[in-house]
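>>> Predicted coordinates and the sequence they were generated for:
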Amino acid sequence: MMTDFETQPVLFIPDIHFSSFQRHPFSTDDGEESSSMKRLPFNEEEFGSPPNKMARAEEPKKVLLYVRKETEEVFDALMLKNPTLKGLVEAISEKYELPLDKVGKVYKKCKKGILVHMDDNIIKHYSNEDTFQITMEELGGMYKLTLTEI
């Protein structure tokens, strides 16, 4: 049990790491001198100013989709460099050698059979390795693309 309530506790902090701490003698009530630590005001030269933080430029996440034509058993991998409708059309155009300017409407057919116009919002929510069956119909020189969820 500690019964000594008169001796001043001392915290040891090496001067090497904390040069703004300095030992100062002080007098106790009964006239004895002790040593204690006293914190001097913050000195900016000692620590330097914090470096300015650079905002991280977030790269749009890439999305990998697996698509196959109705007549095929094997899937093709489509890497969407940008998870947008434009990114999807570019990947399909590159994979299936369709002229980019000949791609018209792009649709998504859900498992429930609902046909939806594709937009950036739908594509942004795709997960990596989602699977689709793709149909490409030519109508008046333009291609209509339909991705059906599998």
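Noted; the coordinates are in hand. Numbering: from 1, shown residues only.

>>> Pull the number of nearby residues for V63.
When neighbours are counted by other CB atoms under 10 Å, V63 registers 23. Just so you know, the C-beta spots here come from the backbone N, C-alpha and C atoms, and that holds for glycine as well.

>>> who's in contact with it?
By CB atoms under 8 Å, 6 or more residues apart in numbering, V63 lies in contact with 79-80, 83, 123, 126-128.

>>> Mind checking what secondary structure I122 has?
Using DSSP: H, G, I helix; E, B strand; the rest coil, the structure places I122 in helix.

>>> what's the spacing between it and E90?
For I122, the distance to E90 equals 16 Å [CB to CB, to the nearest Å].

>>> Surely E94 is in a strand?
No: under three-state DSSP, E94 sits outside any strand and is assigned helix.

>>> for the chain, which strand is longest?
Counting residues, the longest strand found in the chain (DSSP state E) is strand 130-139.

>>> same for that one, what does it pack against?
Helices and strands touching strand 130-139, as assessed by 3 or more CB pairs under 8 Å, 6 or more residues apart in numbering; DSSP states H and E, comprise strand 63-69, strand 142-149.

>>> and the gap between the nearest residue to E90 once chain neighbours are set aside and T148?
Once flanking residues are discounted, E90 sits nearest to L100: 6.8 Å by CB to CB, 6 or more residues apart in numbering. Using CB to CB, one gets 22 Å for the distance from L100 to T148.

>>> More neighbours: these two, which one.
Taking neighbours as other CB under 10 Å, L100 and T148 compare with T148 leading, 18 against 11.

>>> Which residue ranges of the chain form strands?
21-27, 33-39, 63-69, 76-80, 103-109, 115-117, 130-139, 142-149.

>>> So what touches the longest one?
Here strand 130-139 makes contact (CB under 8 Å, 6+ apart) with 65-70, 75, 92, 96, 98, 104, 143-150.
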